[in-house]
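Peer 1: Quick one: sequence plus predicted model below, questions after.
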Amino acid sequence: MSYPFKNIEPKWQKYWDEHKTFKTKEDESVPKDKRRYVLDMFPYPSGAGLHVGHPEGYTATDIWCRYLRMKGYNVLHPMGYDAFGLPAENYAIKTGTHPSTTTNANIEHFTQQIKALGFSYDWDREIRTCTPDYYKWTQWIFLQLYKKGLAYEAETPINWCPSCMTGLANEEVKEGHCDRCGAQVTHKTIRQWILKITAYAERLIEDLDDLDWPESVKLMQKNWIGKSEGAEVNFTVADKDGKATDTTLTVYTTRCDTLFGATYMVVSPEHPMIDKLTTAEQADAVKAYREQAAKKSDLERTDLAKDKTGVFSGSYAINPVNGKLIPIWVADYVLISYGTGAIMAVPAHDTRDWEFAKKFNLPIIEVLKSEVDVQTQAWTEDGIHVNSEFLDGLNKKDAIAKMLEFLAEKGIGKKAVNYKLRDWVFSRQRYWGEPIPLVHCPDCGTVAVPEEELPLELPAVKTYQPTGTGESPLAGIDSWVNCKCPKCGKPAKRETNTMPQWAGSCWYYLRYIDPTNEKSFCDKAKESYWMPVDLYVGGAEHAVLHLLYARFWHKVLYDLGVVSTKEPFQRLINQGMITSFAFQRKSKSLVAVDAVEEKDGKYYAKDDGEELERVIAKMSKSLKNVVNPDEMIDSYGADSVRMYEMFMGPLTVSKPWNTQGLIGINRFLDKVWSISEKEMSDIDITGKLEDKALVSLRKTYAKTVAKVTKDTENLDFNTAISQMMIFINECSKLDSVPKAMWEGFVLMLSPYAPHLGEELWEKLGHKESNAYEKWPEFSEEFCKEDTKEFPVMINGKLRDKFEAAPGTDEETLKKMAFETEGFKKFTEGKTVAKVIVVKDKLVNIVAK
């Protein structure tokens with residue numbers, strides 16, 4: 001019998017909504033160890049809505065939250081939207097539709113989809129980062145960063161589309177071209193606001209050790225921060241005639257011990273000293289090269305396989321350890337974002353330097369004893385120092401120490417720590433983002449908007465088109481830009497850059513705690529009650545940027561004394577990706593699902609008949625393999641979708657969607673519904689039972705309670721579902737089911753299939769929701785087997801088996817072993833020399 005999910009699911013969604021079943025309060029009678037803050041990563045409400053991959057993490061946290069409530073925990077489980085974003089603004093540029101109109105319509109669609117899956121969110125805490133009551137506090141946090149000296153202004157390069165006449169975020173650049181118009185993207189240096197995340201680099205590394213996060217994510221963050229220990233070395237710049245000047249070029253190196261092998265220097269095309277370093281004779285060549293470099297992405301520039309390019313600046317530097325003149329080159333394989341934007345090149349022992357030296361006929365000097373000829377290839381392993389004067393014969397560690405001592409003594413260098421992490425370019429030349437609450441005054445300089453005047457709201461605009469100057473559309477609204485200086489009252493201008501999309505998602509978990517507070521971003525008592533987040537679930541694609549930015553902001557707030565924890569997210573889990581099937585040509589290119597036909601179990605391209613291989617691939621619109629959850633819910637019900645997504649495999653593993661598997665889960669729930677129609681008996685399941693089938697069912701039920709409890713606690717949902725299936729299969733063989741067992745099963749099923757669980761609970765005669773009912777418990781005594789199998793080993797070989805109760809004494813086991821046919825057959829004519837009984841395991845007999 002099919003369960004009527006199309007009636008049941010809307011009924012219980014309406015019930016939860018009207019009764020505010022999952023509304024959460026700060027109950028001080030609940031001890032700290034019985035509180036849990038469970039968080040899903042902030043979704044961006046795209047126009048496409050959810051696909052079946054999105055609910056995976058949401059379902060996992062929902063099951064856990066429902067389980068925790070039944071275990072007596074006070075659970076905070078909110079939902080909201082990261083609502084500022086590029087797609088809405090790009091749509092506004094094309095159509096003139098205000099981004100808020102598009103965004104709010106998308107949010108309504110998202111919310112409808114999420115509620116259709118029965119997630120137990122406290123919807124009274126919903127937040128949207130684009131509303132003024134929310135971004136008031138994003139602006140407030142920015143001002144705290146500014147006042148602490150952690151926000152500063154600088155001229156930095158951005159991606160620039162000469163066709164759209166606007167700056168582009170990295171996400172808008174695809175293979176070096178503008179994602180909107182296809183034009184070749186260049187770089188343009190403009191005024192930006194930057195956050196000094198590097199001031200927290202060391203703490204961002206150190207505090208990872210205290211977090212229950214996947215080691216892979218911790219490693220990604222450590223690598224992104226990229227701490228290294230080395231030296232800063234000062235090279236005196238010489239003019240074209242080799243005479244020392246007053247100019248110094250500083251490099252950072254982890255191998256100062258190889259200074260004797262430095263035969264040239266390279267500066268990034270964006271290096272601030274280029275104009276000073278370039279001679280008149282080389283000016284045109286350097287200018288042309290910089291223009292070419294500006295058209296390349298960082299990825300293209302640092303590609304190890306690419307042909308090395310560069311141009312001589314005309315200047316030289318003096319190697320500080322041997323006084324030799326070495327040329328200074330400009331090359332795009334050095335990035336301004338690493339170290340000082342300048343390197344000393346040791347071509348004998350670095351592959352990129354070697355390739356560059358070979359192309360431009362620069363000297364190659366071996367300074368580490370090599371097993372190859374460094375004139376034919378670089379030696380990148382370690383070796384004893386040679387051609388290095390006072391370092392000759394030393395190993396790496398001793399040579400570095402001695403060189404550091406030499407540099408310090410001569411005043412030409414010092415020990416230094418470097419981070420690959422760069423300060424965070426925080427501003428965007430966009431309309432749809434939080435206005436930066438600063439004013440530029442000719443007399444007072446940059447002045448913060450008074451906190452009591454926040455939020456500084458986005459103005460209405462006639463057009464969302466970029467200005468073409470590199471500034472945001474806000475720059476063209478004179479009535480908004482022109483204002484009074486908050487400090488002196490004279491005419492001033494507002495900052496027209498806006499914040500990036502990351503800003504609102506840096507602290508949203510704190511606003512959930514106190515979403516309607518008008519006096520503070522979060523009440524301190526409430527923050528202390530809930531923080532830190534006990535479980536944070538989201539995709540691995542957020543491993544670095546979002547998580548790193550949020551940790552940075554949280555540490556600043558901790559230093560300000562407005563939050564109580566050093567870290568925001570104590571435990572992190574990355575759910576695996578739900579993939580789909582696609583079809584691949586021999587050339588490895590993929591073919592859209594609707595361009596494929598199947599014949600005799602094989603797949604062929606419709607256009608040219610090429611036989612294709614079915615492969616697993618990420619869901620995408622272009623491949624036409626996106627599975628819409630709305631369609632699946634309509635056909636099979638939300639409970640089936642929820643349980644199938646959990647049954648597919650372990651939460652953290654990627655797995656392909658297969659609708660046949662969903663149909664299997666749907667049939668399982670039909671079976672559950674059918675059993676609920678059977679007679680429910682009032683048998684005492686803890687007493688003595690005569691019926692063998694009931695004894696067996698009780699044992700299975702006890703095992704189910706134990707396993708589902710343990711697996712749900714550990715987020716091993718797939719194996720918990722498997723155990724429920726075992727119990728249901730056994731129930732299906734009986735004409736009636738003990739009511740006490742069925743009630744316990746319904747409670748265990750409810751976190752997984754909450755609509756069906758509530759309906760079955762009501763069918764059992766209960767008037768209230770089961771959301772806060774006590775989680776079932778059952779004595780583990782009933783899990784024990786009545787009998788177990790004992791092998792009979794004769795002279796080391798298995799000859800028979802027999803059944804006996806666990807705990808049977810040795811004499812009885814020995815007697816039972818002697819009565820087996822195997823014993824009689826294989827000891828005939830022999831004498832039993834020895835009998836070894838291993839308690840509850842086996843009987844071992846030696847016969848001669």
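Peer 2: On my side now, so go ahead.

Peer 1: what residues does stretch 194-209 touch?
Peer 2: Contact with stretch 194-209 is made by 145, 149-154, 156, 218, 221-222, 225, 227, 419, 421-427, 548-549, 551-552, 555-556, 566-567, as judged by Cβ atoms under 8 Å, 6 or more residues apart in numbering. No exception for glycine: its C-beta is placed from N, CA and C like everyone else's.

Peer 1: let's see 7 Å
Peer 2: Applying Cβ atoms under 7 Å, 6 or more residues apart in numbering, the set of residues contacting stretch 194-209 from outside is 145, 150-152, 154, 156, 218, 221-222, 225, 227, 419, 421, 423-426, 548, 551-552, 555, 566-567.

Peer 1: Where do the helices of the stretch 451-600 of the chain begin and end?
Peer 2: For the stretch 451-600 of the chain, the helices defined by DSSP state H, counting those that start in this stretch occupy 478-481, 502-505, 508-511, 524-530, 545-559.

Peer 1: outside of the third one, which residues touch it?
Peer 2: In this case it means helix 508-511. By Cβ under 7 Å, 6+ apart, the residues outside helix 508-511 that reach it are 39, 42, 80, 127, 129, 134, 137, 521-522, 527, 533, 563, 568.

Peer 1: Please save the CA atoms from that helix in PDB.
Peer 2: The C-alpha coordinates for helix 508-511 follow below in PDB (Å, rounded to 0.1, in the frame of the first residue of the first chain):
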ATOM      1  CA  TYR A 508      26.000  35.800   9.600                       C
ATOM      2  CA  TYR A 509      26.200  33.000  12.100                       C
ATOM      3  CA  LEU A 510      26.300  35.700  14.900                       C
ATOM      4  CA  ARG A 511      23.300  37.500  13.600                       C
END
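
Peer 1: what number of residues lie near Lys243?
Peer 2: Residues lying near Lys243 (other Cβ atoms under 10 Å) number 10.

Peer 1: That one and Gly413: what is the separation?
Peer 2: 22 Å (Cβ to Cβ, to the nearest Å).

Peer 1: How about Val251?
Peer 2: Taking Cβ to Cβ, one finds Val251 at 9 Å from Gly413.

Peer 1: anything in contact with each of these two?
Peer 2: With Cβ under 7 Å, 6+ apart, Val251 and Gly413 have common neighbours Val233.

Peer 1: what's near enough to touch Trp224?
Peer 2: Leu421, Val544, Leu548.

Peer 1: The second one and Gln221 touch, don't they?
Peer 2: Yes. Val544 lies in contact with Gln221 (Cβ atoms under 7 Å); the separation is 6.1 Å.

Peer 1: quick one, which of the two is more surrounded?
Peer 2: Gln221 (20 against 15).

Peer 1: if I've got this straight, that one is in a strand?
Peer 2: No. Gln221: not assigned to a strand; according to DSSP: H, G, I helix; E, B strand; the rest coil it is helix.

Peer 1: ok, so what distance separates it from Cys506?
Peer 2: 15 Å.

Peer 1: Helix or strand next in line after the one helix or strand Pro327 maps to, which one?
Peer 2: Element membership for Pro327 (DSSP states H and E) is strand 325-330. Using DSSP H and E, the helix or strand that follows strand 325-330 in sequence is strand 342-345.

Peer 1: Flag every buried residue along the helix or strand that that following strand is followed by.
Peer 2: Next helix or strand after strand 342-345 toward the C-terminus (DSSP H and E): helix 351-359. Applying a neighbour-count criterion of 16 or more other Cβ atoms under 10 Å, one finds Arg352, Asp353, Trp354, Glu355, Phe356, Ala357, Lys358 buried in helix 351-359.

Peer 1: Let me see the contact set for the closest residue to the third one other than its chain neighbours.
Peer 2: The shortest distance from Trp354 to any residue other than its chain neighbours is 3.8 Å, reached at Ala378 (Cβ to Cβ, 6 or more residues apart in numbering). The neighbourhood of Ala378, defined by Cβ under 7 Å, 6+ apart, consists of Pro347, Ala348, His349, Asp350, Thr351, Trp354.

Peer 1: residues contacting the third one?
Peer 2: The neighbours of His349, taking Cβ under 7 Å, 6+ apart as the test, are Thr258, Gly261, Leu368, Ala378, Trp379, Thr380.

Peer 1: can you count the residues close to Thr61?
Peer 2: Residues near Thr61, counting by other Cβ under 10 Å: 23.

Peer 1: Which neighbouring elements make contact with the strand or helix carrying it?
Peer 2: Per DSSP H and E, Thr61 falls inside helix 55-70. With contacts taken as 3 or more Cβ pairs under 7 Å, 6 or more residues apart in numbering; DSSP states H and E, helix 55-70 sits against strand 35-40, strand 74-76, strand 535-538, helix 638-647.

Peer 1: wait, Ala605 sits on Ala595?
Peer 2: Yes. Using Cβ under 7 Å, Ala605 makes contact with Ala595 at a distance of 6.4 Å.
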